[in-house]
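**Q** all I have is the shape, not the residue letters:
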Ligand code: PRP
Ligand code: ZN
């Protein structure tokens, strides 16, 4: 294969992860021009291109070196890892991305009681995730029959082709619509950045490092808030204790009011009305909570 000097990232062409993944890359300062066939997006600023594909194809494209990295559900990545152990360090979870959260779970017909995995022994379980399900059954010492289905797994119990299913649950609406009940959770999933554990040693490695640095910055500030307030100096201790995440605040003197101080602090996580009201009771006023756009340590 011809060596590439641009980084190529695979992502889902159309689905739940597409929009948030594109938004995340935009926040990292990446801009793309879409080709006419809508499969390839050329990076205009940085040398990073996108390949838009079916999500299940993403791990294979990375393992085979067609793409350098991918944005994909942890469930899809782990399923590939179980069924292709030879991929090894060539394919790893590099970063959790915090969107597209869902669970890979076992679900049974609503009226079926459930206590332990053992009761699944001898049952037929329909799934698109035979690798993950097989591993879970083995580790629980359960001997069940795995029925592979590429899609529409949830209707298998009603059709009589399976006794239970192992599928993704997000809102739970699909289960309810099919009179199924979630029992055991196998994987807590979310979108992840997948790629080789060791970055390429050529130019692409440097681009990958730049991307990872920006991603870390974006992820770190996404849920951060900058809080600004004014407080009497003698209330500082109490107010500092009330700041979410206990950040170390920056203090600024107020001209003409030596007993007052302006407090500025970067809080991890959101700041609730209740927390603001508690700080107000402690003496704070003129409080502002601001979203953070970028951060570079
Ligand atoms: C999953 C899963 C269910 C549905 C669950 O499919 O197979 O059908 O989502 O979501 P809910 O709990 O919100 O109803 P998805 O649409 O992600 O497609 P895919 O797994 O075939 O890629
Ligand atoms: Zn899919």
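**A** Looks like it arrived, so ask away. Small disclaimer: the values here were computed from a predicted structure and weren't measured. Ligands and ions are numbered 1, 2, ... in the order given.
**Q** strands of the stretch 1-150 of the chain, start to end?
**A** 7-12, 32-34, 40-43, 48-53, 69-73, 92-96, 102-109, 124-127, 145-148 (DSSP state E, counting those that start in this stretch).
**Q** point out the most buried one among those.
**A** Mean neighbour count (mean count of other C-beta atoms under 10 Å) peaks for strand 69-73 among the strands of the stretch 1-150 of the chain, with a mean of 27. (Glycine included, C-beta is placed from N, CA and C.)
**Q** these two touch, right, residue 269 and residue 223?
**A** Yes - contact criterion C-beta atoms under 8 Å: residue 269 and residue 223 qualify, at 5.5 Å.
**Q** more neighbours, these two?
**A** Neighbours were counted for residue 269 and for residue 223 using other C-beta atoms under 10 Å; residue 223 has more, 14 against 10.
**Q** list the contacts of that one.
**A** Contact analysis of residue 223 by C-beta atoms under 8 Å, 6 or more residues apart in numbering lists 268-270.
**Q** just those residues: which are in strands?
**A** residue 268 (DSSP state E).
**Q** in CSV, list the contacts of residue 223 along with pLDDT and distance to ligand 1.
**A** Shown next, in CSV, are these (pLDDT from 0 to 100; distance: C-beta to the nearest ligand atom, whole Å):
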residue, pLDDT, distance to ligand 1
268, 83, 29
269, 79, 25
270, 82, 24
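**Q** adding distance to residue 84 and mean pLDDT, write the strands of the stretch 1-150 of the chain out as JSON lines.
**A** Shown next, in JSON lines, are the strands of the stretch 1-150 of the chain (distance: least, C-beta to C-beta, whole Å; pLDDT from 0 to 100):
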{"stretch": "strand 7-12", "distance to residue 84": "16", "mean pLDDT": "97"}
{"stretch": "strand 32-34", "distance to residue 84": "29", "mean pLDDT": "90"}
{"stretch": "strand 40-43", "distance to residue 84": "25", "mean pLDDT": "94"}
{"stretch": "strand 48-53", "distance to residue 84": "17", "mean pLDDT": "96"}
{"stretch": "strand 69-73", "distance to residue 84": "14", "mean pLDDT": "98"}
{"stretch": "strand 92-96", "distance to residue 84": "13", "mean pLDDT": "96"}
{"stretch": "strand 102-109", "distance to residue 84": "18", "mean pLDDT": "98"}
{"stretch": "strand 124-127", "distance to residue 84": "17", "mean pLDDT": "98"}
{"stretch": "strand 145-148", "distance to residue 84": "16", "mean pLDDT": "98"}
